[in-house]
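# Give the three-dimensional model of this entry:
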Amino acid sequence: MRRRQDILHEEAVVPTPERMKRDRFRKQGDALKVLSTVIKLQEAGDIGDDEVAAATRWRKEYDFAVLGVVDSPDADRPVEKGDIHTWMLGRGKCAERLRQLSETLGTAVQARIDMMLVREMSFPEMARLIYPAGPRAQARTKTVAQCALALEQLSEYYKNKKY
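Take a look at the predicted model:
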């Protein structure tokens, strides 16, 4: 049986045609990376490295708490030590941290973070949901500012929280 990492090294893995139509990609080495809203904000100078790091950390915690996935650089060695019980306790603690973060930042900020990092929505898509009526350009501008502020608040939360 072939391991996943062996398959990835043997074949070029590309997104499906449907995903290629939906998302914009950037070539980074041999890989195609999704040009996410976080990267767009960083390239525009609206956020810095701290906010990008906070977004990455939040997404990793979300993946672990909700999906049970840990992004391990070495697939042969698990990141979490112990058995299934310690694994599930770790997931529970991670989910609790995300719940506390959501309570602290509020539902509006949490909604923006979810739209950016989980649903991977574009700014125009978010603007249509947040501001269904009114000028599209103005709604998009407001949405971009709100997303940048949400990531700044997320970054500050992680800086100030003691675990």
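# tally of neighbours for the nearest residue to Cys147 once chain neighbours are set aside?
In space, Cys147 comes closest to Arg112 once its chain neighbours are excluded; the distance is 5.3 Å by CB to CB, 6 or more residues apart in numbering. In this view, the C-beta of every residue, glycine as well, is placed from N, C-alpha and C. Each residue near Arg112 was counted by other CB atoms under 10 Å, and the total is 24.
# Correct me if wrong: Arg112 contacts Glu152.
No: under the criterion of CB atoms under 8 Å, Arg112 makes no contact with Glu152, lying 11.3 Å away.
# on that earlier part again, could you measure from the residue nearest to Cys147 over to Asp83?
37 Å (CB to CB, to the nearest Å).
# Equivalent analysis for Gln100, please.
The value you get for Gln100 to Asp83, if CB to CB is used, is 26 Å.
# swap in Ile130?
With distances defined as CB to CB, the gap from Ile130 to Asp83 amounts to 44 Å.
# Of the two, which one has the most company?
Using other CB under 10 Å, the more surrounded residue of Ile130 and Asp83 is Ile130, with 16 against 8.
# Apart from its chain neighbours, what residue comes closest to Tyr131?
Sequence neighbours aside, Ala139 is the residue nearest to Tyr131 in space, at 3.7 Å (criterion: CB to CB, 6+ apart).
# Can you report phi and psi for that neighbour?
Ala139 adopts backbone torsions of phi -60, psi -40, taken as degrees, to the nearest 10.
# What is the burial count for it?
The burial count for Ala139: 20, using other CB under 10 Å.
# repeat for the one 4 residues further on
Other residues lying near Thr143 total 25 when counted by other CB under 10 Å.
# Alright, that wraps it up for me.
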